[in-house]
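Student: Provided below for reference: sequence and predicted model.
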Amino acid sequence: MEAIEKSRETKYEELIEKVIDWFKDHEEAFIVCIEELDSWNGYLGDDRYESMELLNEIYSDVEPMELLYRAFYGHDEDDWTETSWGEKKYAEFNPNRDFFRYNGYGNLVSTDYRDYSDHLDSYFVEELINNRNHVSWVINDYDELVELLDQIEAINDDIDEDEE
């Protein structure tokens, strides 16, 4: 029985890695899935990138000085130089970029590229599976992804049946 359990665990981990690899090869699908997951349960928190076109709408009820401070103390993620100590020195926030997000202090960070790669891990895949019924319209566009997730859910179902 223990060997079967180990085999399932190994297969589960292999499938999770396959999903991660699939998302690495299909970056736009990953972006759509993680943003939809975030829309459902707030998965990304402040790490979500927003369209720069939404800046006015998001800050419509905020004093202009507050917005200016958030931009002034923010930076541009795509434009930086390296100091003699090997640290990145970022350029100022750039409202001409396509997207923005918040840094850890609530200040604005501009970019042309939505980089969620820090979130591409087993926890993301498990959250995607747990919330699959809420984000299925995105997932169902990708047959290979659906097949991988179905296999993972089948393993989970087997484990649940054994526990009963």
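Tutor: Sure, I can see it.
Student: so for stretch 17-31, what gets flagged as buried?
Tutor: Buried positions in stretch 17-31, judged by neighbour count with 16 or more other Cβ atoms under 10 Å: Lys18, Val19, Trp22, Phe23, Ala29, Phe30, Ile31. C-betas here are computed from N, CA, C, even on glycine.
Student: who touches that stretch?
Tutor: 33, 114, 116, 120-122, 125, 138, 141-142, 144-145, 148-149, 152 (Cβ atoms under 8 Å, 6 or more residues apart in numbering).
Student: now do the same end-to-end measure for that stretch.
Tutor: Using Cα to Cα, to the nearest Å, the end-to-end distance of stretch 17-31 comes out at 18 Å.
Student: so how far is that stretch from its chain's centroid?
Tutor: 11 Å (Cα atoms, centre = their mean, to the nearest Å).
Student: please apply the same query to stretch 57-64.
Tutor: Worked out by Cα atoms, centre = their mean, stretch 57-64 lies 26 Å from the chain centre.
Student: for stretch 91-102, same thing?
Tutor: Its chain's C-alpha centre lies 19 Å from the corresponding centre of stretch 91-102 when counted by Cα atoms, centre = their mean.
Student: which residues are contacting it?
Tutor: Here stretch 91-102 makes contact (Cβ under 8 Å, 6+ apart) with 46-52, 55, 71-72, 74-76, 78-80, 107-114.
Student: before we move on, back to that, can you say which of the contacts of stretch 17-31 are buried?
Tutor: Of these, these count as buried by 16+ other Cβ under 10 Å: Cys33, Arg114, Tyr116, Leu120, Val125, Val138, Tyr142, Leu145, Leu148, Leu149, Ile152.
Student: and the furthest pair within those residues?
Tutor: Maximum pairwise distance among the buried ones among the contacts of stretch 17-31 (Cβ to Cβ): 25.6 Å, between Arg114 and Ile152.
Student: rewinding a little: closest to Leu67 out of the contacts of stretch 17-31?
Tutor: Comparing every one of these with Leu67 (Cβ to Cβ), the shortest separation belongs to Arg114, at 21.5 Å.
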